Every structure is written in structure tokens, then in C-alpha cells.
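Q: Pasting the sequence and the predicted model now:
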Amino acid sequence: MTIREAADALRARRVSAVELAAAAHARISRLNPQLNAFITVTAEQSLEQARQADAELAAGRDRGPLHGIPVAVKDLFATCGVRTTCGSKIYEDFVPAIDAAVVERLRAAGAVMLGKLSMHEMAYGVTSANPHFGPVRNPWNLTHSPGGSSGGSGAAVAAQLVYAAMGSDTGGSIRVPAAFCGAVGLKPTYGRVSRYGALPLAYSLDHMGPLARSVRDAAMVLNAIAGHDRRDPTSSRHPVVDFIPDDGCSIRRLHIGFPENFYFDQLDPGVESSVRGVFARAQSLGALVKPVRVPDVAALNAVGRVILLAEAAAVAEPHLEHREKFGPDVLTLLDQGRLVPATDYINAQRLRRRMCREFDQLWSQVDCLIAPTTPNTAPRIGDTTVRLGGREEDVRLATTRLVRGINVLGLPALSIPCGLSSGGLPIAIQIIGPAWEEALILRVGAALEDGGVGIPPCPAAEVL
Amino acid sequence: MKDWKAIAKASGLEVDAAQLNRIAEPLEALEAAFRPLANRLTPDVEPATGLRLEADGE
């Protein structure tokens, strides 16, 4: 059931918010011991919120499509009175006195908060094999990673523990778990969604966005969380529109870019054939697929890594005297970041400005770009390398190869599932658009979804 | 190319040789990609971050 279907059922009194929340908690009780998607479950509080949602609907107060819908947030969003760990030993006892802006807005929209979702330690990695809270597992195959860093969000959405979840994306951390778990994941334009109250990884790269069961569900969540917030100095006043694609929306005569360079290098063959199939489907729906050469994305990735190393180390610096509190992979990255000279950080930010201008020119040729989200499917938990195109690659660098650069540019990108590998693991595309064009990429995603691009619901969610 | 191991030691990082390699090797690879880009920058290119006063905001 999607958010829209649940919302219709609520308003037709076929189901109550309390029943939706209770059913979600029953699934969490049954499945979370294996998936480890949640760090904290707020059962009592969520049932109270659900009772309030029912009472409001009965009294004629309707807060919109998220009213009474069970959701959860990654455990880096501050939740007033509820522990917020950031998947870290450093914050294991941190109980905020505030709600993050995103949490405030979800509550204001009537959403029911089921709890806090696990993640890669400090959001600094893509496996969600958390050394302090245990590995999150992929509902499509429990021996595989859900991706990260928003791994609990991806697993919880795919296993239908929640209708939608909030994640954060600094170098692919919404799109990667969405891709590996077969969910929809949206990284909005930088500045579109407030970062206030979200524990930072890298200030200039962090984006907040939803993971959901469908494109329209992701759009409904974006409607609730988008907009200016003076408490986030990078929050934009760019006008917020209704992001929900119309029923029967079309991509006829839309120019969709097919990247001739970079994005199809060194892919898993199953990923490549599945993604190429999406272009054929888009053409059959009337889109004009245009081959384009994209600017140097490998250079963009290098720039992104320099910025991330320096900013993340700056954020974590006060805690680095307690080295025993960090997992080995995160500690290594933080140590690397402390060695990056200020000149390299500044020059990376200068290159970033130039690359943004170069990439802007792409939008005079096409309306959006479609590319694979990841070159691989979900690796096994514990794998540190992956073999692609005959080459052994570091799992983290391979997995983020096609997503990281878009964070440097701040552009919106939507990951949607498009197929299953021969091993039964999800494959996904990302639709990348010009700044502030979330409505456009959501329309493209919805049209493709309506046109048959997608995968069946995760069968393991029924079997587990 | 910078000697990242020497830089790490000079910064006071006390780790064993294996960990020093884990820290230094990715930085060497990253520098190989990054340094040529940075060296081509011209003075007119300003950084993408900076102070934005309230009145200048979007």
C-alpha cells in the first residue's frame, strides 16, 4: 500500500491511524530483529500521535496526505526527548531538546513517527555495517548490505515497516540505499530542505530527502519538508511548488540525456542491460533520448572527496581524542581528513564553482539526464572490494562513483528501481535535473513508474 | 607528490605501519587525481562557499 492508498483508506474510515501504526509496529517486532533497521522504536509515542491523528480527522481537521501515515527518520535527525545517536558511540546517550526542521515539518503534516533508523556510523560510509549497533541487513537478501549511509531507511521502506523514511545524502547516502533496497530515493536541490537539527557530516554537501515506496509518495514527503528555514544558513527562498506528479503525467517530447561518457563505464552487466532498457521504455513513452557528453565526473568526484574529507574531519575534530569510540573505517577517513591542507580544501571549492558552470551548460541540450544509480548491486556484508569491468574496486568508491559528483553540484536526483539482477537484487536508475527542478524529475520518474519501470515488492518482506 | 606518511607522522598521528598505509594510500591516489585540476586553476575562480549576508540571500 502506498501513502496515497493509505491516506484514501484513512479518509474513507476503512482503517484508522492507530491501526496503521499498530500494524507497522507488529511488522517491526517481527522483522526488525533480522533487519536491524531501527536503533530506537518509539511505540508508545507513535500510538499516541496516531490517536491524535484519528481524533483530528474525526473533528474535520485534515493536515494533508501524510496525516496519520507511519514514517521514521534516520538517527541523525534530532528528535526532542528521543535519543539521537548518529549511529555513533560519541552520541549514544545524546537526547536532543529540539526537533530537526524536517521532523517538525513531518509532525506538522500529521505523520506518525515510529522511531529512529540505523545508519552507517556518523553517515560516513555506504555499507551501514555499524560497529556499535550491528549491521543493517538488506531485506532482499539478509547476507547483503542495504547500502548507506541511510541503510536503515532503505531497509525499512523496502520491508514495508514504514511508508516513508527520511535520509541524508552527502555522497549518495539516500540514492545508494534506495537503489540497493529497491526503494525510491530523492536527493533534493541543495538548500531546498532545511538541514537544521540534522547532525552534519559535511556542511556544503549534506542534503536531506525522503525514501519511499513510490515516486508520488516521495513527492508527498517533499511537499511536507521543502521550504525556507532561517535556522539553516544555506536554506533557499526559492519558491516551493506542488511536487506531486499528476495522474497520467507525460514525458512526451521531453529531452532525456543519455550520457555517452563515464556513467556506463565499468558496470555490472546486469545493471547495464537493465538501465539501457529504461531508455527504450522512455522512448516508447514519447521521450526524445539524446546522447550527450557530460563534463568530467571523475574530476568532480575527486573534488567532492577533498571537500568531504576536510569538512567531516572539521566536524569530528573535538571528538578525535577518543579514538576508541570510532569504528576503524570512519576513523581512517577522519585521520585522512585532518591531513588535507586548507589550500586543497579552498581549491576544491574553487573547482566546484567552475564545474557547476560547466554542468549548467548541459541543461541547454537536455531537460534531464538518466544514468545508473550504482554500477553494482548490493555487496555482501563485509565485502570490501567489488569486481567491475575486470577491475577490483574499493566497495565505497565503486558504490559512490556515479552519485558523489551530483552532491558537489547540489543538483536534484531521484533514484528509482528499474530491475532485478540474476541474483534477485534491485537495480536502479537516477534521474538528474537542473537546480530546483524536483518537480520535473519526479514527473519523469512517475511517468516511467506508470509506464512499467520498477520491480515487484520485496518478497522477503512477506516471508521473513 | 606529497609524502602523506611523513605528513601524518609530523602531525602527531600515532598509528602502526599498516594503519599508516591505510591512511596514506587513498590520499596518494586522490592527490594524483586532484593535483592536476588544482594546478590549472586561475586566480579569477572564487570558491563556491562564502559568507552570504542576510540581505544578499536568495
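A: In hand now; what should we look at?
Q: List the buried residues for stretch A:232-248?
A: Buried residues in stretch A:232-248, counted by 16 or more other CB atoms under 10 Å in any protein chain shown: A:232, A:234, A:235, A:236, A:240, A:243, A:244, A:245. For glycine as for every other residue, the C-beta is placed from the backbone atoms N, C-alpha and C.
Q: isn't the first one right next to residue A:194, touching?
A: Translated: residue A:232. Yes. Counting by CB atoms under 8 Å, residue A:232 touches residue A:194, with 4.4 Å between them.
Q: between the two, what contacts are shared?
A: residue A:101 (CB atoms under 8 Å, 6 or more residues apart in numbering or on different chains).
Q: Helix, strand, or coil at residue A:39?
A: Three-state assignment for residue A:39 (DSSP: H, G, I helix; E, B strand; the rest coil): strand.
Q: mind checking how far residue B:6 is from residue B:50?
A: Taking CB to CB, to the nearest Å as the measure, residue B:6 falls 33 Å from residue B:50.
Q: tell me the contacts of the residue positioned nearest the centre of chain B?
A: Closest to where the C-alpha atoms of chain B average out (CA atoms, centre = their mean) is residue B:31, at 7.6 Å. With contact taken as CB under 8 Å, 6+ apart, residue B:31 is in contact with B:1, B:2, B:4.
Q: ok, now with 7 Å
A: Counting by CB atoms under 7 Å, 6 or more residues apart in numbering or on different chains, residue B:31 touches B:1, B:2.
Q: go on, residue A:350?
A: B:41, B:45, B:46, B:47.
Q: one more time with 8 Å
A: Per CB under 8 Å, 6+ apart, neighbours of residue A:350: B:41, B:45, B:46, B:47, B:48.
Q: Repeat that for residue A:11.
A: Contacts of residue A:11 (CB under 8 Å, 6+ apart): A:57, A:62.
Q: May I ask which of the contacts of residue A:350 has the most neighbours?
A: Comparing these by number of neighbours (other CB atoms under 10 Å in any protein chain shown), residue B:48 comes first, having 20 neighbours.
Q: which of the contacts of residue A:350 come close to chain A?
A: B:41, B:45, B:46, B:47, B:48 (CB under 8 Å from any CB of the partner chain).
Q: What parts of chain B come near chain A?
A: Neighbours of chain A within chain B, by CB under 8 Å from any CB: B:4, B:7-8, B:11, B:13, B:15, B:19, B:22-23, B:26-27, B:30, B:33-34, B:37-38, B:41, B:45-49, B:52, B:57-58.
Q: Can you list which of those residues are found in helices?
A: B:4, B:7-8, B:19, B:22-23, B:26-27, B:30, B:33-34, B:37-38 (DSSP state H).
Q: Out of those residues, which end up buried?
A: B:4, B:7, B:8, B:19, B:22, B:23, B:26, B:27, B:30, B:34, B:37, B:38.
Q: Turn those residues into a markdown table, columns for pLDDT.
A: Output for those, formatted as a markdown table (pLDDT from 0 to 100):
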| residue | pLDDT |
| --- | --- |
| B:4 | 96 |
| B:7 | 95 |
| B:8 | 95 |
| B:19 | 95 |
| B:22 | 96 |
| B:23 | 97 |
| B:26 | 97 |
| B:27 | 97 |
| B:30 | 97 |
| B:34 | 98 |
| B:37 | 98 |
| B:38 | 97 |
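Q: got JSON lines for those, with distance to residue A:449 too?
A: What follows is these, written out as JSON lines (distance: CB to CB, whole Å):
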{"residue": "B:4", "distance to residue A:449": "46"}
{"residue": "B:7", "distance to residue A:449": "49"}
{"residue": "B:8", "distance to residue A:449": "48"}
{"residue": "B:19", "distance to residue A:449": "46"}
{"residue": "B:22", "distance to residue A:449": "42"}
{"residue": "B:23", "distance to residue A:449": "44"}
{"residue": "B:26", "distance to residue A:449": "38"}
{"residue": "B:27", "distance to residue A:449": "42"}
{"residue": "B:30", "distance to residue A:449": "37"}
{"residue": "B:34", "distance to residue A:449": "38"}
{"residue": "B:37", "distance to residue A:449": "38"}
{"residue": "B:38", "distance to residue A:449": "42"}
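Q: Tell me which two in those are the farthest apart.
A: Taking CB to CB, the two most distant members of these are B:19 and B:37; they sit 28.4 Å apart.
Q: ranges for the helices of the stretch 251-400 of chain A?
A: Ranges of helices in the stretch 251-400 of chain A, per DSSP state H, counting those that start in this stretch, are A:269-284, A:297-316, A:328-339, A:342-360, A:395-400.
Q: need the residues of the stretch 51-200 of chain A near chain B, please.
A: residue A:191.
Q: Smallest gap between the stretch 51-200 of chain A and chain B, at which residue?
A: Residue nearest to chain B within the stretch 51-200 of chain A: residue A:191 (7.6 Å; CB to the nearest CB).
Q: Now do the contacts for that residue.
A: Residue A:191 makes contacts with A:234, A:235, A:236, A:238, A:410, B:58, as judged by CB under 8 Å, 6+ apart.
Q: Redo those as JSON lines? Include distance to residue A:64 and pLDDT.
A: Below are those laid out as JSON lines (distance: CB to CB, whole Å; pLDDT from 0 to 100):
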{"residue": "A:234", "distance to residue A:64": "26", "pLDDT": "95"}
{"residue": "A:235", "distance to residue A:64": "22", "pLDDT": "96"}
{"residue": "A:236", "distance to residue A:64": "22", "pLDDT": "96"}
{"residue": "A:238", "distance to residue A:64": "21", "pLDDT": "96"}
{"residue": "A:410", "distance to residue A:64": "28", "pLDDT": "97"}
{"residue": "B:58", "distance to residue A:64": "26", "pLDDT": "43"}
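Q: I'd like to know which of those residues are part of strands.
A: Counting by DSSP state E, no part of these is found in strands.
Q: Show me how far stretch B:38-58 is from its chain's centre.
A: Here the centre of stretch B:38-58 is set off from its chain's centre by 18 Å, with CA atoms, centre = their mean, to the nearest Å.
Q: Contacts for that stretch next, please.
A: Contacts of stretch B:38-58 (CB under 8 Å, 6+ apart): A:191, A:204, A:233, A:236-238, A:344, A:346-354, A:356.
Q: Could you list the alpha-carbon positions for that stretch in PDB?
A: Provided in PDB are the C-alpha atoms of stretch B:38-58 (Å, rounded to 0.1, in the frame of the first residue of the first chain):
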ATOM      1  CA  ALA B  38      44.000  22.400  -8.800                       C
ATOM      2  CA  ASN B  39      47.200  23.400 -10.700                       C
ATOM      3  CA  ARG B  40      45.100  24.600 -13.700                       C
ATOM      4  CA  LEU B  41      43.000  27.000 -11.600                       C
ATOM      5  CA  THR B  42      43.300  30.700 -12.500                       C
ATOM      6  CA  PRO B  43      43.000  33.500  -9.900                       C
ATOM      7  CA  ASP B  44      39.600  34.600 -11.100                       C
ATOM      8  CA  VAL B  45      37.900  31.400  -9.900                       C
ATOM      9  CA  GLU B  46      36.400  32.000  -6.500                       C
ATOM     10  CA  PRO B  47      35.400  29.300  -4.000                       C
ATOM     11  CA  ALA B  48      31.900  28.000  -4.100                       C
ATOM     12  CA  THR B  49      31.300  28.700  -0.400                       C
ATOM     13  CA  GLY B  50      31.500  32.000   1.300                       C
ATOM     14  CA  LEU B  51      29.800  34.500   3.600                       C
ATOM     15  CA  ARG B  52      26.300  35.400   2.400                       C
ATOM     16  CA  LEU B  53      24.900  38.300   4.400                       C
ATOM     17  CA  GLU B  54      21.100  38.200   5.100                       C
ATOM     18  CA  ALA B  55      20.400  41.000   2.600                       C
ATOM     19  CA  ASP B  56      22.300  39.100  -0.100                       C
ATOM     20  CA  GLY B  57      20.400  35.800   0.500                       C
ATOM     21  CA  GLU B  58      18.200  34.300  -2.200                       C
END
